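# Could you look at this predicted model? Sequence included:
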Amino acid sequence: MSLLSATPDTRYADSLRLSVAPMMDWTDRHCRVFHRLLAPGARLYTEMVHANAVIHGDRERLIGFNPVEQPLALQLGGSDPAALAQAARIAADWGYDEVNLNCGCPSDRVQAGRFGACLMREPELVADCVAAMVAAVDIPITVKCRLGVDEDKDYEVFAGFVDRQAQAGAAMVVVHARNAWLKGLSPKENREIPPLRYEWAYQLKRERPQLPVVINGGIATVEAAQQHMQHLDGVMLGRAAYHDPYVLHALDCAQTGQPLRGREELLLALRPYVEAQLDAGLALKHITRHLLGLFHGQPGGRGFRQVLSEGAHLPGADWTLLEQALQVTRRQAARVA
Ligand SMILES: Cc1cc2nc3c(=O)[nH]c(=O)nc-3n(C[C@H](O)[C@H](O)[C@H](O)COP(=O)(O)O)c2cc1C
């Protein structure tokens, strides 16, 4: 794949099978270009952007993207139907393939703004938001949610929430298969402590075969992803995709039948993108911070990470740092072999 010559997107429907989760501060545009290289068939998501920021903010900075990132969804935060509809229209005009509404973020700031996971308690308001966005654009509107909030443990409440959004026109639901605890846990703890219950997502799909359902939460291996695929339409990987990005490549190849490429080959394929960005004035560290995990769990992986971490912020850092990192990785690996 040439990173700099994007083709028109005809792959959106197939990309349902594998996606990379929206992650604030992580899945920025440079990260997404890297993930696209690793997983040509995957659907990528932006970080969450509030609808008002899309409407009033610096759009190039907040929602600008490179066409190679497609199929690409913009994740919106918010709970005002008119603002969300306006933001969705802007997203469609910018060429996004999908708009996803965040109903899963538990942070205090987000709760105070009445969006994110607390919206699971307001299915009618969410349905108004979904319906307003569906009416405003031709691209699919989707929802990412949890199983419930706090002590919710009634499957019918969860299924009722999803049904209401499907009725309002949501084309697909991503289920992060655990509750969000709105009090007492940090967002990080809220990704770890509430137990995963995949069975609810399986049941949702069994009962509603026509509704596309993607599962998210704790999926870290090709084997686990393939197990979920027996029950659901797709898997969404978050932290594993970021910390061990080669798993994305392995999963994409397993799903498409394409041969695996080596880590080093993949990194070298990023060179034209990195050099174009450096020429445009970007500092290398903004790209390399997303690459640190490429050799995760491999002999030499620590050296790779160390060379990049120590060198990328120095003035004038350029592609040669990545070549150095590869050399150190190879040397360390040879010592182990
Ligand atoms: C650093 C970070 C930022 C996140 N930001 C968002 C976000 O903007 N929107 C969202 O819906 N979920 C966000 N999440 C949650 C992930 O999308 C995902 O649901 C969660 O990490 C569980 O999936 P995983 O176990 O595969 O990581 C974030 C997660 C992390 C680790």
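Alright, I've got the coordinates. Residues are numbered from 1 along each chain as shown.
# Neighbours of Asn100, how many?
When neighbours are counted by other C-beta atoms under 10 Å, Asn100 registers 26. In short, each C-beta sits where N, CA and C put it, glycine included.
# can you check Asp58 too?
9.
# What of the one 10 residues further on?
For Val68, the tally of surrounding residues (other C-beta under 10 Å) stands at 19.
# got it, and the one 3 residues further on?
Applying the criterion other C-beta under 10 Å, we find 21 residues in the vicinity of Pro71.
# Numbering from 36 from now on, please.
Got it, the first residue is 36 from now on, which makes the last one we talked about Pro106.
# which residues touch it?
Applying C-beta atoms under 8 Å, 6 or more residues apart in numbering, we find Pro106 in contact with 44, 46-47, 50, 78-79, 132-133.
# so where do the strands sit in the stretch 36-185 of the chain?
Using DSSP state E, counting those that start in this stretch, the strands assigned to the stretch 36-185 of the chain run over residues 53-55, 78-85, 107-112, 133-138, 176-180.
# what does the stretch 136-285 of the chain have sitting close to the ligand?
The stretch 136-285 of the chain comes close to the ligand at residues 137, 139-140, 179, 211, 226, 251-254, 272-275, as judged by C-beta under 6 Å from any ligand atom.
# Sort out for me which of these are in helices.
If you go by DSSP state H, those have 274-275 in helices.
# Not counting its neighbours along the chain, what's nearest Glu157?
Once flanking residues are discounted, Glu157 sits nearest to Ser114: 7.5 Å by C-beta to C-beta, 6 or more residues apart in numbering.
# Distance of the one you found relative to Leu136?
Going from Ser114 to Leu136 by C-beta to C-beta, to the nearest Å gives 9 Å.
# what touches both of these two?
The contact lists of Ser114 and Leu136 share 161, 164, where a contact means C-beta under 8 Å, 6+ apart.
# Between these two, which has more neighbouring residues?
The neighbour comparison of Ser114 against Leu136 (other C-beta under 10 Å) goes to Leu136, with 28 against 21.
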